Each structure stands twice: as structure tokens, then as C-alpha cells.
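sequence-free structure coming up:
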Ligand SMILES: Cc1ncc(COP(=O)(O)O)c(C=O)c1O
């Protein structure tokens, strides 16, 4: 078995392929195999070869955890059964009576988990516009223990200044968690900007092929890693070995996929901005976007997600969703194929009537890897019928 490469000094693309992992030590297989074993032989009572029982750890999961942690610049990484399972473990770090601040624009499932699962268990939750640092300061209370950031936000693609929020939160004695699902570590590395924890739905860009559901948490703090490791094993929301294999396979092509996602998104943004049926285009690469300057500082590019509102309101938004052919009408995001959805009735239906309700005239696109001209033509034919 050759030594694993020292990540210091290696480029992101090299680490995506080799970081934290290497050929399988028992067979030399260049990909870590899918270890379909729920338990592992012990040489004597209490003497094992690194693995005992597959919920506590297995080689396929260990390989993914080491690989993805390196990409986030983290010494510790833990894989979970879904993004929400990873979020749930992080929220369990808090105690009854603690106060959590969330963004007013965030994945609906995150808001639901915090308010309807952890809320009844004693967690106090408030939403604030975290792009506005004065609003964050106003939301912080003496019992605030965690600030939850999503940037870019889902679905309005707002930008939150991770370094500035981390500074304010740490002065108040609160942890900072960044949901890095939309950006991926290729676009931004929150721990390097001061965050304490990073969380992912690996279901999205990291897996990248719409064939797996998974989650991940990373941190540079050994005590937080220890507590999360305990929760991962004690609550047991772990991914299966095949799921780990699929996410890790996605990591190897993350850089090239992200480059194309970002380039295709820019082509789509240009076409939407020029179309008379479109009222407003939301994307951090646009100079008129209120978070453009912060995005230019903390992100490598604007990302593959694009949202827009329709001059014709909700009815027009629903019509566009029904008329695209290459953009498939479906929830989720971040995979090779382009998707279109109506957040108010689909991904964010659970936040209707709350502080985090999303506009009814909004359409969200996950721009995939198809030929850009084909994607633009598909959107144009759907929009042309509205004018
Ligand atoms: C930004 C964000 N975070 C977390 C999640 C939850 O992840 P999962 O569906 O893997 O549980 C999602 C799902 O859409 C998401 O978009």
C-alpha cells in the first residue's frame, strides 16, 4: 500500500481524485470497493482491524469521509444518510433552551426540521435576513448558540458574508454552520472563511447524477467532531456503502462538472435577462445582484442555480414549468440533467405562511451539463408563448 498524498500544496482537482484516499489496501483496487459487510472479524475480543460493525464505520464510508473532508479543508468529516440527517445531528449539538438563528431564505426542510422537530424539543428558533449584518446583530440574544448560514440561499440565491457573520457570531459565543450544498467546496470553503461546521446534502452536486441521497458534516474542531461522531453512531442515520461509493465517484469529477454548470448558468442568465416575459433574474454573477461583491470575494464563480420571476405572476411561472422539454420538472438539483421547479408549491411548500415563505411567481432552475444553446432554446420556447 502506498502512502496517501499529503494534501498540503496539492490543487483542488488533485485532491478530488486522490485526497484522503488511495488504492484499496487489501486488493489494490484503485476505487475503494463497496464493502457490503455489516460486521467485521475480530482477531481477539476487542482487537479489530479498524472496523467492528458497519453502522459505527465501514471502509467505503471511511474513504468518502476522508476524501470529502480534505476538499472542505477539514480534518474531520462524517457521512450521513441524507442532508437532513446531517443537519439533524448538528442541531442535536444544541440543548433545550438554546437559541438558533436561521436565514429567512433557506431550504424549506431545514426550516421545518428546526422549527417542527427541534422546536418542540426546546430549541428557540428565529429567522433573520443574514445578508443584512445589522439584522443579524438584532436577532442575536444572550442564549444564541448557533447561526445557520445558507449561501447562496435556496431558492432566492441571496449571498451571506460567511467571514463577517462568523466574526459577529463568535463574539456572541455562537457556532456558525454553513450549508454548502449550492456552492460545493469547489466554489467556496466555509471553514477557511471562519465557519465552525459545514453541512451538505451530497444528494446534489457532490453525488451529481441524481442517483443517491446522502449528507455530510465537516469541522476543524476535534470536540465537535467527537460529539458528531457519537451522534452518527448513537442515532444511526448512516449511509449505506453503495451510497458512499456513488458520492465518492461524484467527487472525482466535481471540478469539471462545476465549471460547466457555472458556464451554462451564465448562458441561461443572459437569455433570461433579455426576455420580456421575465421580471427579475436572480444569480450572484449579475452585477446588479445585491450580494455580487461578497460573492466575488468568497466564491470562485456564481454557481449553477438560477432563479427568476415572471412578469405574468404565478400563472406564468406554472406555465413555464409545464412547457420546458429539456429542463425536467422535478425537485432536487445539482445533477447532470437540467431541472425546473416551482419552489412555492414544490421544494418550499412546507414554509407557506411562515417567515420563510417564497414568492409564488418564482421559478428555480438547476442548470445541467447539456449543450448551452439547447438549454437556452428550451427556455425561450417556453417563455415566448407568454408574450
Ligand atoms: C440547500 C439544501 N440543504 C439541505 C437539503 C436536504 O438534503 P437531503 O434532501 O439530502 O436530505 C436540501 C435538499 O434539497 C437542500 O437543497
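Nice, I can see it. This is a predicted model, so every value here is computed, not measured. Numbers count the residues shown, from 1 in each chain.

show me where the stretch 201-350 of the chain has strands.
Listed in chain order, the strands of the stretch 201-350 of the chain (DSSP state E, counting those that start in this stretch) span 215-219, 278-282, 305-310, 328-329, 339-341.

please identify the most buried of the ones you listed.
For those, ranked by mean neighbour count under the definition mean count of other C-beta atoms under 10 Å, the leader is strand 215-219 at a mean of 29. Bear in mind the C-beta positions are built from the backbone N, C-alpha and C, glycine included.

that one near the ligand anywhere?
Yes: Strand 215-219 reaches the ligand (C-beta under 6 Å from any ligand atom) through residue 215.

what's that strand packed up against?
Strand 215-219 sits against helix 59-71, strand 76-80, helix 83-91, strand 197-201, helix 222-235, with contacts defined as 3 or more C-beta pairs under 8 Å, 6 or more residues apart in numbering; DSSP states H and E.

what strands line up against it, and which way round?
Here strand 215-219 has these sheet partners by DSSP bridges: strand 76-80 (antiparallel), strand 197-201 (antiparallel).

can you tell me which of those is most buried?
strand 197-201 comes out most buried of these by mean count of other C-beta under 10 Å, with a mean of 29.

spell out which parts of this structure neighbour the ligand.
Contacts of the chain with the ligand, taken as C-beta under 6 Å from any ligand atom, map to 82-84, 107, 109-110, 150, 154, 179, 181-182, 201, 203, 213, 215.

for PyMOL, what selects the buried ones among these?
Paste this into PyMOL to select the buried members of those, with burial taken from 16 or more other C-beta atoms under 10 Å:
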select buried, resi 82+83+84+107+109+110+150+154+179+181+182+201+203+213+215
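
columns mean pLDDT and distance to residue 252 on top of the helices and strands packed on strand 215-219, output as a markdown table?
Listed next are the helices and strands packed on strand 215-219 as a markdown table, based on pLDDT from 0 to 100; distance: least, C-beta to C-beta, whole Å:
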| stretch | mean pLDDT | distance to residue 252 |
| --- | --- | --- |
| helix 59-71 | 98 | 9 |
| strand 76-80 | 98 | 16 |
| helix 83-91 | 98 | 20 |
| strand 197-201 | 98 | 16 |
| helix 222-235 | 98 | 24 |
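
can you list these in JSON lines and add distance to residue 315?
Putting the helices and strands packed on strand 215-219 into JSON lines (distance: least, C-beta to C-beta, whole Å) gives the following:
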{"stretch": "helix 59-71", "distance to residue 315": "42"}
{"stretch": "strand 76-80", "distance to residue 315": "39"}
{"stretch": "helix 83-91", "distance to residue 315": "32"}
{"stretch": "strand 197-201", "distance to residue 315": "31"}
{"stretch": "helix 222-235", "distance to residue 315": "44"}
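
quick one, which of the ones you listed is nearest to residue 366?
With C-beta to C-beta as the measure, strand 197-201 is the member of these nearest residue 366 (12.5 Å).

contacts for that closest one?
Contact with strand 197-201 is made by 68, 72, 74, 82-84, 86-87, 90, 107, 175-181, 184-185, 190-191, 206, 214-219, 221, 224, as judged by C-beta atoms under 8 Å, 6 or more residues apart in numbering.

now it: how far from the chain's centre is it?
Strand 197-201 has its C-alpha centroid displaced from the chain centroid by 6 Å (C-alpha atoms, centre = their mean, to the nearest Å).

give me the angle between that strand and helix 59-71.
Using axes from the mean of the first three to the mean of the last three C-alpha atoms, to 10 degrees, the direction of strand 197-201 lies 120 degrees away from that of helix 59-71.

picking that back up, most tightly packed of the helices and strands packed on strand 215-219?
Of these, the one with the most neighbours on average (mean count of other C-beta under 10 Å) is strand 197-201, at a mean of 29.

just to revisit the earlier point, and the strands of the stretch 201-350 of the chain as CSV, adding mean pLDDT?
Below are the strands of the stretch 201-350 of the chain laid out as CSV (pLDDT from 0 to 100):
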stretch, mean pLDDT
strand 215-219, 99
strand 278-282, 98
strand 305-310, 98
strand 328-329, 98
strand 339-341, 98
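
TSV for these, including distance to residue 365?
Listed next are those as TSV, based on distance: least, C-beta to C-beta, whole Å:
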stretch	distance to residue 365
strand 215-219	23
strand 278-282	10
strand 305-310	5
strand 328-329	11
strand 339-341	6
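
nearest to residue 319, of these?
Per C-beta to C-beta, nearest to residue 319 of these: strand 305-310, 8.4 Å.

partners of the closest one, with directions?
strand 278-282 (antiparallel), strand 362-366 (antiparallel).

make a markdown table from these and add distance to residue 252 to it.
Below are the strands paired with strand 305-310 laid out as a markdown table (distance: least, C-beta to C-beta, whole Å):
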| stretch | distance to residue 252 |
| --- | --- |
| strand 278-282 | 31 |
| strand 362-366 | 21 |
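
contact partners for the residue in the chain positioned nearest to the ligand?
Of all residues in the chain, residue 83 sits closest to the ligand, at 2.3 Å by C-beta to the nearest ligand atom. Residues in contact with residue 83 (C-beta under 8 Å, 6+ apart) are 109, 179, 181, 199-204, 214-215.

for residue 21, state which of these is nearest.
Once C-beta to C-beta is applied, the member of the contacts of residue 83 that ends up nearest residue 21 is residue 202, at 15.4 Å.

what's the burial count for the closest one?
When neighbours are defined as other C-beta atoms under 10 Å, residue 202 has 31 of them.

wait, it touches residue 211, no?
No: applying C-beta atoms under 8 Å as the test, residue 202 and residue 211 come out as separate, 11.6 Å apart.

got any residues that touch both of these two?
By C-beta under 8 Å, 6+ apart, no residue touches both residue 202 and residue 211.

what about the stretch 1-150 of the chain, any weak spots by pLDDT?
Low-confidence segments of the stretch 1-150 of the chain, defined by pLDDT under 70: 1-5.

quick check: mean pLDDT of the lengthiest helix in the chain?
If you go by DSSP state H, the chain has its longest helix at helix 254-273. Helix 254-273 comes out with an average pLDDT of 98.
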